[in-house]
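Asks: have a look; sequence and predicted model below, questions after that.
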Amino acid sequence: MDIKNLAKQSEKYTIDIRRDIHQNPEPSWKEFRTTELIERELKSFGIETKRLKRTGIIGILKGAKKGKTLALRADIDALSIKENTELPFKSNNEYMHACGHDCHTAMLLSAAKILSEIKDQFSGTVKFIFQPAEETCVGAKVIMEEDNVLEGVDAIFGMHIWGNLEYGKFNIEPGARMASADTFKIRIRGTASHGSTPHLGVDSIVAASAVVMNLQSIVSRNINPIEPVVITVGTIKGGDRFNIIANEVVMEGTTRAFSQEVRKVLEKKMREVVENTAQTYGAKGILEYEYCPAPLINDSKLTNTALKSAKKLYGEGSLIPMDKLTISEDFTYYMDKVPGVFVFLGGGNKKLGMYANHNDKFIIDESALSRGTALYVQFTADFLNS
């Protein structure tokens, strides 16, 4: 079974599908055309399909014998970015596939095509999850709750194309790879008074300023220095006039961490800082803290399988190290329920121009796509036949 050659033979199909989706991007929860395209293709391969309640779809393919069930996931939504490239298949609307979800969808469809042709050579079941709304950070969570997409699944595999990695290279590493992305809202409530008589009120802006500064002491003094942590206050709003002491300030932001333990410490310490700092200034501090996608932590056993699969296909030289990322992925909602591994595929080429994901000039070297397709297939065969 020459999977590398099968993926190469399917390369034109992969690129054609990718360009179709790229030219017709759809935002989160509105991926109607994309869902229809995926359904049409899966049915043409003889794969059983099931539409999800909102958008998105799953495909189910059974192998020669009963066995384990592996889920393969691709996200399908685009971003609210106006494309700024000269590609002949550039977006024809105000959205853009600037994070490579068009590539993920095309590679997984191509893998589904190949797997449907060699289904007599593996045991068990493959569940193809074409997930909507990854960019909302809760798409995976919603379809797990509403559609039970992980029913019967033993493990899950995901892949992300990366504009800052050399095209065709894989990054596959165990442990924490992406950060959690929790959000918070802080309210500082004081007492309004005339700007000329601050002693008759409680200045929420002064108290809020102290809170912002004190929050950073959590990073430097309450967390182990070898643990990467981010606390960012992204918005701060308070006051209506230049000569009135503001009675309330509202701040919003995000935290990033690479372990569940640190997440809990962050919430606890932030609550202490907000409440106690505000009290020092005579104000009241209220913290609303929401846990969103958890840190992405690759299962060591599945990571080892993925490494062997990549080496089997393209050799040791196809692997490349990469620093952990403080961005997040809602793929972690799946990993909270079943073991999973998430790998990165390089798509950047300096000759074409290397731009980071979410950039309006984001360009992918399409020669990388057949490698992503091959790894989907090889990992599936190796996992299900082990």
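Replies: Thanks, I have it.
Asks: my read: K113 touches S10, true?
Replies: Yes - at 6.1 Å, K113 counts as touching S10 under the criterion of CB atoms under 8 Å. Heads up, the C-betas are built off the backbone N, CA and C, glycines and all.
Asks: return the per-residue confidence for the spatially most central residue of the chain.
Replies: Nearest residue to the geometric centre of the chain (CA atoms, centre = their mean): E329, 2.4 Å. pLDDT, E329: 98.
Asks: and it, what does it touch?
Replies: Residues near E329 by CB atoms under 8 Å, 6 or more residues apart in numbering: 134, 158, 160, 178, 293, 296, 342.
Asks: can you give me the neighbour number for the fifth one?
Replies: In terms of burial, P293 registers 24 neighbours under the definition other CB atoms under 10 Å.
Asks: one more: the first one?
Replies: If you count neighbours by other CB under 10 Å, E134 ends up with 23.
Asks: quick one, what contacts the closest residue to it other than its chain neighbours?
Replies: Take E134 and drop its neighbours on the chain: the residue closest to it by CB to CB, 6 or more residues apart in numbering is D75, 3.7 Å away. Residues counted as contacts of D75 (CB under 8 Å, 6+ apart) are 101, 104-105, 131-132, 134-135, 139.
Asks: E267 too?
Replies: Remark: with contacts taken as CB under 8 Å, 6+ apart, E267 is in contact with 182, 287, 289.
Asks: can we see that at 6 Å?
Replies: For E267, the residues meeting the contact criterion (CB atoms under 6 Å, 6 or more residues apart in numbering) are Y289.
Asks: quick check: K185 touching M251?
Replies: No - if you go by CB atoms under 6 Å, K185 and M251 don't touch, sitting 7.2 Å apart.
Asks: which one's more surrounded, the two?
Replies: M251 (21 against 14).
Asks: pull out the buried positions in the helix or strand that L109 is a member of.
Replies: When secondary structure is defined using DSSP states H and E, the element that contains L109 is helix 101-117. Residues of helix 101-117 classed as buried under the neighbour-count rule (16 or more other CB atoms under 10 Å) are 101-116.
Asks: how far does it sit from its chain's centre?
Replies: Averaging C-alpha positions (CA atoms, centre = their mean, to the nearest Å) puts helix 101-117 19 Å from its chain's average.
Asks: can you list the residues that contact that helix?
Replies: Here helix 101-117 makes contact (CB under 6 Å, 6+ apart) with 6, 10, 13-14, 17-18, 21-22, 41, 45-47, 61, 72, 74-76, 126, 128, 161, 364, 369, 372-373, 376-377.
Asks: looking at these, which are in helices?
Replies: Among the contacts of helix 101-117, the residues falling in helices (DSSP state H) are 6, 13-14, 17-18, 21-22, 41, 369, 372-373, 376-377.
Asks: can I get the buried part of those residues as one ChimeraX selection?
Replies: If you want just the buried ones from the ones in helices among the contacts of helix 101-117 in ChimeraX, going by 16+ other CB under 10 Å, the selection is:
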select :6,13,14,17,18,21,22,41,369,372,373,376,377
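Asks: nearest to Q260 among the ones in helices among the contacts of helix 101-117?
Replies: For the ones in helices among the contacts of helix 101-117, the minimum distance to Q260 (CB to CB) is 29.0 Å, reached by Y376.
Asks: state the distance from the residue lying closest to that closest one once chain neighbours are set aside to D365.
Replies: The shortest distance from Y376 to any non-neighbouring residue, by CB to CB, 6+ apart, is to A111 (3.6 Å). Between A111 and D365 the computed distance is 19 Å (CB to CB, to the nearest Å).
Asks: and if you look at E166?
Replies: Here the distance between E166 and D365 works out to 9 Å (CB to CB).
Asks: and K119, by the same measure?
Replies: Distance from K119 to D365, by CB to CB: 31 Å.
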